[in-house]
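1. need a structure here:
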Amino acid sequence: YAAGRFNYGIALARAKRFGEARHQIELLLRANPASAEGHDLLGNLFAAKGSVRAALDQYREAVRIRPEFGRAQLDLGTLLADLGDVPGALPYLQKAAGSPDRAVHEEATQTLRHLGK
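-> Model (predicted):
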């Protein structure tokens, strides 16, 4: 159930059907509030709509649930940096740079380099 909702939410987001994707992920999180991946994806959906505060809340929840989740660390750090909170972003970006996920590692490293860190 949860994996199906998550995958369906991703498919809807890729099709730019953000409202429907958000609904699917919110249903997923009602059933499984401990889904770090669900919170991270919901954060991305909020960020895409310009709902920065809601996106930050979702990213923080994903990191709280699973501190080693590199993608959520990266998303939170990147959004904080984009908002001008570089000092707040650095710990998340540095943790993401240590991720075993190569794509997360590379993106975090590049963002840190861009910030001069």
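2. Going by residue numbers, what spans are helices in this structure?
-> Remark: helices assigned in the chain by DSSP state H are 2-14, 18-31, 36-48, 52-65, 70-82, 86-97, 102-114.
3. Which positions within the fourth one qualify as buried?
-> So that's helix 52-65. Using 16 or more other Cβ atoms under 10 Å as the burial criterion, the residues of helix 52-65 that qualify are A55, L56, Q58, Y59, E61, A62, V63, I65. In short, each C-beta sits where N, CA and C put it, glycine included.
4. try the second one
-> Neighbour-count burial for helix 18-31, with 16+ other Cβ under 10 Å as criterion, is recorded at F18, A21, R22, Q24, I25, L27, L28, L29.
5. want to throw those residues into TSV with distance to L79?
-> Output for the buried residues of helix 18-31, formatted as TSV (distance: Cβ to Cβ, whole Å):
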residue	distance to L79
F18	17
A21	18
R22	17
Q24	22
I25	17
L27	24
L28	21
L29	19
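6. Pipe those residues into a markdown table and attach distance to A96 and pLDDT per row.
-> Output for the buried residues of helix 18-31, formatted as a markdown table (distance: Cβ to Cβ, whole Å; pLDDT from 0 to 100):
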| residue | distance to A96 | pLDDT |
| --- | --- | --- |
| F18 | 24 | 93 |
| A21 | 23 | 95 |
| R22 | 24 | 95 |
| Q24 | 26 | 94 |
| I25 | 21 | 96 |
| L27 | 28 | 94 |
| L28 | 23 | 94 |
| L29 | 22 | 96 |
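7. And those residues, which is closest to L42?
-> Using Cβ to Cβ, I25 comes nearest to L42 of the buried residues of helix 18-31, at 4.7 Å.
8. any idea how far N44 is from the closest one?
-> Distance, I25 to N44, using Cβ to Cβ, to the nearest Å: 9 Å.
9. Then R113?
-> 23 Å.
10. quick one, which of the two is more surrounded?
-> N44 (23 against 10; other Cβ atoms under 10 Å).
11. Quick one: neighbours of the residue nearest to the more buried one when sequence neighbours are not counted, just the number.
-> Spatially, and ignoring its direct neighbours in sequence, N44 is nearest to D75 (6.6 Å; Cβ to Cβ, 6 or more residues apart in numbering). D75 has 26 neighbours, counted by other Cβ under 10 Å.
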